[in-house]
Every structure is written in C-alpha cells, then in structure tokens.
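Asks: Pasted the sequence and its predicted model underneath.
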Amino acid sequence: MSVEPEILKATYLPGDVTEDKAAAYFYGRLFAAEPRLRALFPPAMDVSRDRLFRTLTVVVFRSDEPAELAGLLEPLGRAHRKYGVLPEHYPVFGDALVATLRRFAGAAWSARAEAAWTAAYARAAALMIAAAEADAAAGPPWWVAEVAEHDRRRPDLAVLTLVPDRPYPFAAGQHATVQTSRWPRVWRPYSLAGAPRPDGTLRLHVRSVPGGWVSGALVRETRAGDTLLLGPPAGGLTLDPESGRDLLLLGGGTGLAPLKALAEQAAADAPGRTVRLFAGARSADDLYDLPDLRRLESARPEVRVTAVPQDEFGPLPDALADLLDAVPDPAGHDVYVAGPPAMVRGALDALDRCGVPAGRVRHELAATGETVLPGADRDRPVAHA
C-alpha cells in the first residue's frame, strides 16, 4: 500500500461535517471496540478532539513531505507516553479512524481511499511508536515533583518552586507539561522559568485563566508539600549553540519565564554576550518578576532589562520600533519572543517592519511541542497569559 496525498485530501472530512460530529463518532467507535481506552482520556474531551483533528490535518497536508511529517509526529509519539498509550493501542485507533472517514466521506470513498488512509495511518503510527520507544530508553514518561514553595504574587498569578524526584534534563527555554491531582489525565504546558540549577529545583510562572482547570488549581488550590506530575521537557525555544550573536528577548505576561531562562543561560555560558530583555505588562504593578530580573541584571552587567508597562508605553508591539532605536543593529541579534498570542503576533509583525530577518526570530507559538498546521503556525501557544 502507498500513501496517496491527493486521495487523502479528497476524502478528508467534507465541509458540512463538523469536527464535533466526527469526533463523537470516532470516540464512540473507539470506546465501543476497547472500553478500557476511556481511562486514558481526561473527563472533558475537547482538547483530545482538537489534538485528533490537528494531527489528521498534518497527516493530510504533510503526507508528501516525509521529513517534516516526522518532525511533527515524533514529538507526539513521545508525548503520548505520559497518557499511557502503548503500541498495541494504535491498531484500535486506526480502525476507528478509517471507520470515521468512511462514514463521512460519502460517495468519495472507495477501496483505493481506504488503502491510502490505512497506509497513511500505518506510517504515522510507526513514526510515533518508534519515537516513543526511543524516548523510553532515555527516561521515564513522567516525573513526580513536590511543591517546595508556592508564592502567590498576584490574585491570579503564582510562582511555584518544584523539587522533582529525579534529575529533570531540560534546556533553558523549554517547557514541561503539568498534571495536578485535582484533574487526572489533564496536562497543560508551562515554561520553565530559569536555566537548570545546581540544586535541581524548577520554577513555574502560572497565571490563572478563565475556565482553566489546571491553571486555576495551580494558582488557587496548590500548596507547599503537594505533588505534581511533569511530562518530559519539550519545545524548541532554546539557544542556538552555533550562534554567538547578542540576544534580543521580547516578553509579555508569563512569557517572561522562558526568556528569563534564556538570559540566565546566555550570561552563564558566554560572559560578555549582550542580552537585552524587554518585559511587557499591562501596568507596572503587573511586572510580577521584575525584582528577580533586576537582581539578574545587577549580577550580570551584560544583561539589560527594560520594563515596558502598557499604561506608560502602550502595547509592547506598538512600542517596539522606538525601543529598537536604542539597540545597535537589531537585525544582527538572535531574537526570542514569548507571551500571550496577540502580543507575540504583534511583535513578529513589528520585527518584520523593522527589518529583522524572520530566520533570526524564534517564538513560542511554533515551539510548543504541539502540531503546527499549514498557515496556522502562530496559534498554539504554551500557557502564557
């Protein structure tokens, strides 16, 4: 059997079939065939549904780009370890998927379409299984971490200091998915706020968002002594080991967390490498981590922190052109952007207008470990608010 991209596109969900309707059919078939699989999923299925259709879209639109397809599916295979997904589960998922597509494709479905989808799924499953098996040889599916300190810095924001039960091998700028005991099987990504420390502790900056199950539990209900589960570190918002260029870091809200990590790492690895961090917030009072950033600035003279409260400067993206006037050769920097989605998108547009090459810019919206869809690579952020 061979993968035939045009057939996949022609028999993907028709425009009059909603994702909700298709997902209800898919999960109904899946759990009817293997009821025990329901235990792998969270109580609410909305995130699982979204992930299903993002993955399907990748399989369809990247099916003729094997290297890119592998780069998108292999992280998913590794991430599925923490859900308890095993190699023997994949055929059951595949049967339910093909049955769902057959159900909704109507007259477009044929024996050739079934063969093409079966081949496409087999290739995707093989990539994910191989990635999971390689990852299993390197580390556990999750870490148990004790909350050593819970610092409620704002009514809606807390900084958590965690002590994992074993070394947590992350790079500055990466994130961890987090599960609380209150919401089993519900994982959410949070950036690690700081470079790796000699004592092995980790910090998370968490802002509670409306309707956020995990963020609300972490901010309002978690206490010192509680335990959390951490998935393996992920994300590509890391320093380029081949580059010695100065750094320009643009952050808003809890997007300061990974940028703080990058600043610490750069200052430790390459003294004399200039790091300029612009910290945006709604107001000066909302710059919850500014004292720590000032301490870093005092200890490392190559690090320069500029607070950009919106009530004084306007939104960070709007102020960026003026701020960059004080930066020698901004186009010659490595640029990192993290924060709420609207802020990141605005900053990317402002950097483009200022002549900063896109190839020098890294941002959180494409570095979350989630699938990235054609034409939608700016819409899947880590939980920054």
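Replies: The structure has been received and is ready for your questions. Residues are numbered from 1 along each chain as shown.

Asks: Tell me which strands the helix or strand harbouring Thr161 pairs with, and in which orientation.
Replies: Using DSSP states H and E, Thr161 sits within strand 157-164. Applying DSSP bridges, strand 157-164 is found paired with strand 143-154 (antiparallel), strand 202-207 (antiparallel).

Asks: Deepest in the core, which of those is it.
Replies: Most buried of the strands paired with strand 157-164 by mean neighbour count (mean count of other C-beta atoms under 10 Å) is strand 202-207; its value is a mean of 24. Where you see a C-beta, it was placed from the backbone N, CA and C, and this is true even at glycine.

Asks: model confidence over it, on average?
Replies: Averaged across strand 202-207, pLDDT comes to 97.

Asks: outside of that strand, which residues touch it?
Replies: With contact meaning C-beta atoms under 8 Å, 6 or more residues apart in numbering, strand 202-207 is reached by 145, 154, 156-164, 168, 170, 176, 178, 190-194, 215, 218-219, 230, 253-254, 256-257, 288-289, 383-385.

Asks: for the residue nearest to His89 when sequence neighbours are not counted, helix, strand, or coil?
Replies: Excluding the flanking residues, the one nearest His89 by C-beta to C-beta, 6 or more residues apart in numbering is Leu37, at 6.5 Å. Secondary structure of Leu37, reduced to three states by DSSP: H, G, I helix; E, B strand; the rest coil: helix.

Asks: hang on, Leu37 packs against Leu30?
Replies: Yes - Leu37 is within contact range of Leu30, at 6.2 Å (criterion: C-beta atoms under 8 Å).

Asks: When the two are compared, which one has more neighbours?
Replies: Leu30 (21 against 17; other C-beta atoms under 10 Å).

Asks: Name the SS class of that one, please.
Replies: helix.

Asks: Enumerate every residue touching Gly255.
Replies: 191, 337-340, 343-344, 364, 384.

Asks: again, only using 7 Å
Replies: 338-339, 364, 384 (C-beta atoms under 7 Å, 6 or more residues apart in numbering).

Asks: quick revisit: ok, of the contacts of strand 202-207, which come out buried?
Replies: Neighbour-count burial (16 or more other C-beta atoms under 10 Å) applied to the contacts of strand 202-207 gives 145, 156-164, 168, 170, 176, 178, 190-194, 215, 218-219, 230, 253-254, 256-257, 288-289, 383-385.

Asks: Next, count neighbours for Asp46.
Replies: 10.

Asks: model confidence over stretch 31-45, on average?
Replies: For stretch 31-45, the mean confidence score works out to 90.

Asks: got the end-to-end distance for that stretch?
Replies: End-to-end distance of stretch 31-45 (C-alpha to C-alpha, to the nearest Å): 13 Å.

Asks: now do stretch 133-146
Replies: 27 Å.

Asks: okay, now the domains of this protein?
Replies: 5-138, 143-230, 247-366 (automatic domain parsing).

Asks: Check these for me: which has the lowest mean pLDDT.
Replies: With a mean of 89, domain 5-138 has the lowest mean pLDDT of the domains of the chain.

Asks: those strands in the stretch 101-250 of the chain, which residues are they?
Replies: Under the criterion DSSP state E, counting those that start in this stretch, the stretch 101-250 of the chain contains strands at 143-154, 157-164, 175-180, 188-191, 202-207, 227-230, 247-252.

Asks: out of these, which comes closest to Ala24?
Replies: When the strands of the stretch 101-250 of the chain are compared by C-beta to C-beta, strand 188-191 sits nearest Ala24, at 24.0 Å.

Asks: Which helix runs longest in this protein?
Replies: helix 111-138 (DSSP state H).

Asks: which parts of it are buried?
Replies: 113-114, 116-121, 123-125, 127-129, 131-132, 135.

Asks: Next: stretch 338-350.
Replies: Buried residues in stretch 338-350 (16+ other C-beta under 10 Å): 338-341, 343-348, 350.

Asks: got the CA positions of that stretch in PDB?
Replies: Extracted in PDB, the C-alpha atoms of stretch 338-350 (Å, rounded to 0.1, in the frame of the first residue of the first chain):
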ATOM      1  CA  ALA A 338       7.200  34.800  24.200                       C
ATOM      2  CA  GLY A 339       3.900  35.900  25.700                       C
ATOM      3  CA  PRO A 340       0.100  35.900  25.000                       C
ATOM      4  CA  PRO A 341      -0.700  35.000  21.400                       C
ATOM      5  CA  ALA A 342      -1.800  38.500  20.400                       C
ATOM      6  CA  MET A 343       1.300  40.100  21.800                       C
ATOM      7  CA  VAL A 344       3.600  37.600  20.000                       C
ATOM      8  CA  ARG A 345       1.800  38.000  16.700                       C
ATOM      9  CA  GLY A 346       2.100  41.800  17.000                       C
ATOM     10  CA  ALA A 347       5.700  41.600  17.900                       C
ATOM     11  CA  LEU A 348       6.500  39.400  14.900                       C
ATOM     12  CA  ASP A 349       4.800  41.900  12.600                       C
ATOM     13  CA  ALA A 350       6.700  44.800  14.200                       C
END
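
Asks: So what touches that stretch?
Replies: Stretch 338-350 is contacted from outside by 237, 250-253, 255, 258-259, 280, 315-317, 320-321, 337, 361, 363-365, 378-379, 381, 384-385, using C-beta under 7 Å, 6+ apart.

Asks: Also stretch 103-110?
Replies: 10-11, 13-14, 17, 22, 25, 102, 113.

Asks: Understood, closing this out.
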